[in-house]
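Chemist: Below is the structure, and that's it, no one-letter string:
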C-alpha cells in the first residue's frame, strides 16, 4: 500500500508497481470537484510509441465518483473527484512497472493505493 501527498500529485509522481486489482482511495479537501490522472510515461520524443498500455483494464466499484466522468485511452485515465472521500478499483491488463506511469491531481487531492 502506498500513499501520495497533495504536493506529490500536484507536480506529478511516479507510480508504484500495479499488479492485479488495485483500489484507488482519493480524498478531496476542496469545496469543489478536482481531477485525478494516471498517465503512461511518454518516450523521449513525447509520444507513446513503444510504451506500455498502462491505462487499459477494468475500472469498477466507483464510490462517490460519477463513472461517466472517467475518460480513458490506452495510455491515460482521468476522473473527476468530488469533494470528500471517494474510490474506484483498477485492474490493468498489463503489469504496470514501477515508475512507468505518472500520478497527477488538482485541488489538494491525496491518494492511497491498496
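Modeler: All right, it came through fine. This is a predicted model, so every value here is computed, not measured.
Chemist: all contacts plus neighbour counts: C-alpha atoms, from now on.
Modeler: Fine.
Chemist: and residue 95, how many residues sit next to it?
Modeler: 14 (other Cα atoms under 10 Å).
Chemist: what's the answer for residue 75, then?
Modeler: 18.
Chemist: Residue numbering should commence at 49 henceforth.
Modeler: Will do, 49 is the new start, and the previous item becomes residue 123.
Chemist: Helices along the chain, start to end?
Modeler: Here the chain has its helices, by DSSP state H, at 54-59.
Chemist: Tell me which residue of it is furthest from the middle?
Modeler: The C-alpha centroid of the chain is most remote from residue 93, which lies 22.9 Å away (Cα atoms, centre = their mean).
Chemist: Look at the spatially most central residue of the chain and report its pLDDT.
Modeler: Centroid-nearest residue in the chain, with Cα atoms, centre = their mean: residue 86, separated by 3.6 Å. Here, the pLDDT recorded for residue 86 equals 98.
Chemist: Please give me every residue in contact with it.
Modeler: 103, 124, 125, 126, 149, 150, 151, 152 (Cα atoms under 8 Å, 6 or more residues apart in numbering).
Chemist: Now a PyMOL select for only the buried ones of these.
Modeler: Remark: buried members of the contacts of residue 86, expressed as a PyMOL selection using 16 or more other Cα atoms under 10 Å:
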select buried, resi 103+124+125+126+149+150+151+152
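Chemist: Am I right that residue 122 is in contact with residue 104?
Modeler: Yes: using Cα atoms under 8 Å, residue 122 is in contact with residue 104, at 5.1 Å.
Chemist: Could you check which of the two has the larger neighbour count?
Modeler: Each of residue 122 and residue 104 has its neighbours counted (other Cα under 10 Å); residue 104 has more, 18 against 15.
Chemist: thought that one was touching residue 121?
Modeler: Yes: the criterion here is Cα under 8 Å, and residue 104 meets it with residue 121 at 7.1 Å.
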